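Enquirer: Here's my sequence, what's the structure:
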Amino acid sequence: MALASVSSSHAAEAAPARAAVAANVVLTAAQRQKIQTETIKPSTFHRTIETTGTVGFDADQSTTVLSPIGGPVSRLLVALGAKVKEGDPLATVASPDFATAISTYRKAVATAKNARRIAALTEQLSHNNLSRREVEQAQTDAANAEADREAALEQLHSLGVSDATIQAIDENRPVTERAGLIRSPLAGTLVERLITPGQLLQAGTTPCFTVADLSLVWVMANIFESDLASVEEGDTAEIITSASPTNLIGTVDYVSAIVDPNTRAIEVRVVAKNPNDVLKKQMYVRVLIQSRRERTGLLVPVSGVLRDDEDLPFVYLANPDGSFSRRRITLGSRVGDRYEATAGLKSGEQVVVEGGLFLQFMQQQ
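Expert: Residues are numbered from 1 along each chain as shown. Next up, the predicted model:
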């Protein structure tokens, strides 16, 4: 059996229940020289499912940045399209929450140091008329003070306070950082800015920026039930867009378990590399999914398939008596320079692959 690879697909077309009646075509010996036929045999091939898709950010590598602190925006620090690293500052906020958190942590550090000093001193004096209970109380006070310090430290981290500022507080040095910062939680590109200077932000609520790693994108494509058996995770997919001179390569990494009740389509996610950021969010693209599953069927050359007045496909068959008859067929996928014939043909039949238009002309005379 011949092994073919699929280059595109063709929507399945059902042959009508009642085929048009047409007389067989009989040719002279000279006219038969213009006709070439091919015996139809089963072939093994891989389907390519052609569909459309919409580009989106990789949700695992993109995020909306919320403001960790409340207050008015003082300054925007990064322009749209800029590359940022994890922890880079994006904007400053004049926040009383920031000043309060700095003050709380400074007091907690001082209290914890003093409580630990008292606990150590109490331990040393425990042999001089100090009860064990007093020693244990001093140790408890020190542990509580250190817990308060750790809680204040976590608050600073949640507000995006830099390690340099925290170290300065620990060493009882002046703090140069006076305003709160909104920092990037991951490395990527600043693709969206949702705030302006002076805007009042609500802590943990106001969306400020969108940061995304654009090196990979998700293409969400739709297939139908007839294609479902041919698509699985790991299949290669080509992304075709006029924005790129070459097709981009991706991989199917998810096939939805839900059928859209309105369109009856099934969503397929393709993860694709995005060189030079050519694929943009919400861009429409063509998607060719190369199925790894082998199929066996009857393939007819594209050159042998004609269309009637109703735009339905048909072929001419060579009959044993030397005449030629028309046969309507049902087409499935296009496989290279052939179509899969899902109905209308049998193995061993002789199909006209060159000269079909001449036969159609003769039949219409």
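Enquirer: How about the secondary structure of Asn114?
Expert: Assigned by DSSP: H, G, I helix; E, B strand; the rest coil, the conformation of Asn114 is helix.
Enquirer: Quote the end-to-end distance of stretch 174-184.
Expert: End-to-end distance for stretch 174-184: 26 Å, by CA to CA, to the nearest Å.
Enquirer: Extract the residue ranges of the chain that are flagged as low pLDDT.
Expert: 1-22, 125-131, 176-178 (pLDDT under 70).
Enquirer: Recalculate using a threshold of 50.
Expert: 1-21 (pLDDT under 50).
Enquirer: care to break it down by domain?
Expert: 3-46+295-363, 96-178 (automatic domain parsing).
Enquirer: Let's have those domains in JSON lines, adding mean neighbour count and distance to Leu186.
Expert: C-beta coordinates here come from the backbone N, C-alpha and C atoms, glycine included. Formatted as JSON lines, these follow (neighbours: other CB atoms under 10 Å; distance: least, CB to CB, whole Å):
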{"stretch": "domain 3-46+295-363", "mean neighbour count": "16", "distance to Leu186": "38"}
{"stretch": "domain 96-178", "mean neighbour count": "15", "distance to Leu186": "14"}
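Enquirer: Now render those as a markdown table, adding distance to Asn222.
Expert: Formatted as a markdown table, the domains of the chain follow (distance: least, CB to CB, whole Å):
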| stretch | distance to Asn222 |
| --- | --- |
| domain 3-46+295-363 | 13 |
| domain 96-178 | 40 |
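Enquirer: between these, which gets nearest to Leu194?
Expert: domain 96-178 (17.2 Å; CB to CB).
Enquirer: Lys273 is nearest to which of the domains of the chain?
Expert: Of all the domains of the chain, it is domain 3-46+295-363 that lies closest to Lys273, at 21.5 Å by CB to CB.
Enquirer: quick check, distance from that closest one to the centre of its chain.
Expert: Centroid separation for domain 3-46+295-363 versus its chain: 40 Å, with CA atoms, centre = their mean, to the nearest Å.
Enquirer: Parallel or antiparallel, list what pairs with the strand ranked longest in the chain.
Expert: The longest strand of the chain (DSSP state E) is strand 284-301. According to DSSP bridges, strand 284-301 forms sheet pairs with strand 42-57 (antiparallel), strand 236-240 (antiparallel), strand 338-343 (antiparallel).
Enquirer: nearest to Thr205, of those strands?
Expert: So among the strands paired with strand 284-301, strand 42-57 is nearest, using CB to CB, at 21.8 Å.
Enquirer: Toward the C-terminus, what is the element adjacent to the closest one?
Expert: From strand 42-57 onward toward the C-terminus, using DSSP states H and E, the following helix or strand is strand 62-66.
Enquirer: got the contact list for the following helix or strand past that following strand?
Expert: Per DSSP H and E, the first helix or strand lying C-terminal to strand 62-66 is strand 71-76. Here strand 71-76 makes contact (CB atoms under 8 Å, 6 or more residues apart in numbering) with 90-98, 179-180, 193, 195-201.
Enquirer: partners of strand 71-76, with directions?
Expert: strand 89-93 (antiparallel), strand 200-201 (antiparallel).
Enquirer: most tightly surrounded among the ones you listed?
Expert: Of all the strands paired with strand 71-76, strand 89-93 has the most neighbours on average by mean count of other CB atoms under 10 Å, namely a mean of 22.
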